[in-house]
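Asker: Predicted structure and sequence below. I'll ask about it afterward.
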Amino acid sequence: MKKEIEKILQDATTEISKIGNKKDLMSASTKYLGKNSVLADLMKTLRTLPNEEKRVMGESLNLLRDKLNQLIKDKDKDIDIKLLNEKLASEKVDVTIPVKPHEYGTMHPIEIIKKDLIDYFVERGYTLHDGGDIETDYYCFEALNVPKEHPAREMQDTFYIDSETVLRTHTSAMQVRTMESQQPPIKMISAGNAYRLDEVDATHSPVFNQLEILVVDKNVTMADLIGTLEGLIKHLLGKKTSMRARPSYFPFTEPSIEADALCPKCQGKGCPMCKGSGYIEILGGGMVHPKVLEMSGVDSSVYKGFAAGIGLERLVMMKYGVSDLRDLYENDINLLKQFK
């Protein structure tokens, strides 16, 4: 039996060394180690041997099984390495071939305008104040001289969370919060979302972006506001862009104005974009109402102030020629990729 064991190991070594795939290796494993293998047949003959020979032959058969298992394991590893090398060779990448440049995302046009405005005012000594989208009724209306049941609330109706909490209808609430937290002189801006019960159309949205401007100091006049707005419009829309101011009404400013910029499309001749007027309304503002100053803890007999609220979507439409406000919110890649 000893010679038979040596022959089995020799035959297995020769056969397994020539195998080149997993399927043939599995067949060889079954042939030499399976239930009906030559090794299994030899193990069955142990019961017929005398006890003294049974122990010696049992050890020899166990040693044969271990060697056969190792042969199978080593060959399986060799086949894995071979397959990996073949795959690497077939999938080889030529790193010298030029690749298509990676396309980077761009800032949204509203964010471009917002960043431009913030940089413009910060460079001129203004400080940036952030406020939450959720505001109290007091700061959103009452502290701005719009008491409950005031008819002006209908023009700026917003979404109520409860009777005293709203989604802010304008960033003007930051005027009061800033004046309560510090004494003049004050030069501040605040940018963020505002919410109103507007129907969605080409020029209106229930959610929009606004920039608030507030200056409070001694001897502040309407001329300071007009000069500030003219400088801003020329910065955004070009030095040749003219501005006109019209009397208006806001409860929190007195006197109040609305500012229009020369239509960039028709240059004042009249077109569908400006509805034939030659100018497009871009903001409202005025001198801060004395009641607002007093309710915010500022002495209105000593200090004056001006304020303005600017809709950023309207500026984007004018600066970049976007005819429909809804295009700014539909994530149209053909539109957005133009802003690089």
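Answerer: Thanks, I have the structure now. Numbering: from 1, shown residues only.
Asker: by contact count, what packs against the helix ranked longest in the chain?
Answerer: If you go by DSSP state H, the chain has its longest helix at helix 51-90. Where contact means 3 or more C-beta pairs under 8 Å, 6 or more residues apart in numbering; DSSP states H and E, helix 51-90 is packed against helix 2-17, helix 22-33, helix 38-45. From N, CA and C alone the C-beta is placed, and that goes for glycine too.
Asker: H102 is nearest to which of the ones you listed?
Answerer: Shortest distance between H102 and the helices and strands packed on helix 51-90, using C-beta to C-beta, is found for helix 22-33: 40.0 Å.
Asker: so what secondary structure elements neighbour that closest one?
Answerer: Against helix 22-33 (3+ C-beta pairs under 8 Å, 6+ apart) you get helix 2-17, helix 38-45, helix 51-90.
Asker: Export these as JSON lines, with columns for mean neighbour count, distance to N334 and mean pLDDT.
Answerer: Shown next, in JSON lines, are those (neighbours: other C-beta atoms under 10 Å; distance: least, C-beta to C-beta, whole Å; pLDDT from 0 to 100):
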{"stretch": "helix 2-17", "mean neighbour count": "14", "distance to N334": "63", "mean pLDDT": "82"}
{"stretch": "helix 38-45", "mean neighbour count": "14", "distance to N334": "72", "mean pLDDT": "77"}
{"stretch": "helix 51-90", "mean neighbour count": "13", "distance to N334": "39", "mean pLDDT": "84"}
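Asker: Save the ones you listed as TSV, and put in distance to R168 too.
Answerer: Shown next, in TSV, are the helices and strands packed on helix 22-33 (distance: least, C-beta to C-beta, whole Å):
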stretch	distance to R168
helix 2-17	79
helix 38-45	84
helix 51-90	60
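Asker: how about these, which one is nearest D332?
Answerer: It is, among the helices and strands packed on helix 22-33 and with distance given as C-beta to C-beta, helix 51-90, at 41.6 Å.
Asker: follow-up on the earlier one: M222: which of the helices and strands packed on helix 22-33 is closest?
Answerer: It is, among these and with distance given as C-beta to C-beta, helix 51-90, at 76.5 Å.
Asker: burial count for C271?
Answerer: C271 has 14 neighbours, counted by other C-beta atoms under 10 Å.
Asker: What score does the residue lying closest to it once chain neighbours are set aside have for pLDDT?
Answerer: Nearest residue to C271, sequence neighbours excluded (C-beta to C-beta, 6 or more residues apart in numbering): K265, at 5.4 Å. Predicted confidence (pLDDT) at K265: the value is 78.
Asker: Thanks a lot, see you next time.
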